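# Predicted model and sequence follow; I will ask about them next.
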Amino acid sequence: VEKIRALQKLEIAFHIDDFGTGYTSMKYLKQLPVNGLKIDRTLLGNSQMHANREIVRCTIDLAKLFNLVVIAEGVESLSTLKFLRELDCDYYQGYSFSRPVESSVFMALMNENRHYLNGIGEGKTYKKRKSRKRLS
């Protein structure tokens with residue numbers, strides 16, 4: 001925990017990966033000084049989305065209570081993106097945006113699509129959350 005805090009002072013962020021599946025546990029939200037969590041792609045797949053809507057909603061609400069950033073993995077459809085935006089999910093990743101690319105191609109995509117990346121085409125820009133006391 002001390003090493004994580006030291007690295008955070010250097011502005012390195014830590015996120016709990018694959019939250020909602022496998023070995024991830026809510027106890028980590030209290031035990032580890034993390035900056036955010038990544039919702040596992042298996043909760044967001046088209047075949048699972050309807051069944052998992054409330055789990056995803058509760059996960060995002062829980063993260064907000066702990067003042068954590070939320071990243072959704074595996075966003076591969078516009079309906080999933082729309083659902084996550086309605087829940088105020090902070091970031092999205094998945095093939096609906098891009099397949100994996102080399103760093104030079106990534107930088108070119110970022111520069112070419114800067115207007116699109118600010119809020120997925122609606123001019124919404126990321127703003128730092130107001131600091132709230134973290135639940136303990």
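Sure, I can see it.
# Secondary structure element for the residue most central in space within the chain, which one?
In the chain, the C-alpha nearest the mean C-alpha coordinate belongs to I71, at 0.6 Å (CA atoms, centre = their mean). I71 belongs to strand 69-72 when assigned by DSSP states H and E.
# Identify each buried residue in that strand, please.
Of the residues in strand 69-72, 69-72 count as buried by neighbour count, 16 or more other CB atoms under 10 Å. For every residue, glycine as well, the C-beta is placed using N, CA and C.
# Then stretch 28-47?
Under the neighbour-count criterion of 16+ other CB under 10 Å, stretch 28-47 has 29, 34, 36-41, 43-44 buried.
# pLDDT score assigned to H50?
With respect to pLDDT, H50 has a value of 73.
# from the chain's centre, how far out does the helix or strand hosting it sit?
In this structure, H50 sits in helix 46-65 according to DSSP H and E. In terms of CA atoms, centre = their mean, to the nearest Å, the centre of helix 46-65 is set 12 Å apart from its chain centre.
# residues in contact with it?
19-20, 26, 29, 36-37, 39, 42-44, 69-70, 72, 76-77, 79-80, 83-84, 87-89, 135 (CB atoms under 8 Å, 6 or more residues apart in numbering).
# Stretch 28-35 now?
The contact list for stretch 28-35 (CB under 8 Å, 6+ apart) reads 1, 4-5, 8, 13-16, 37, 62, 66, 68-69, 135-136.
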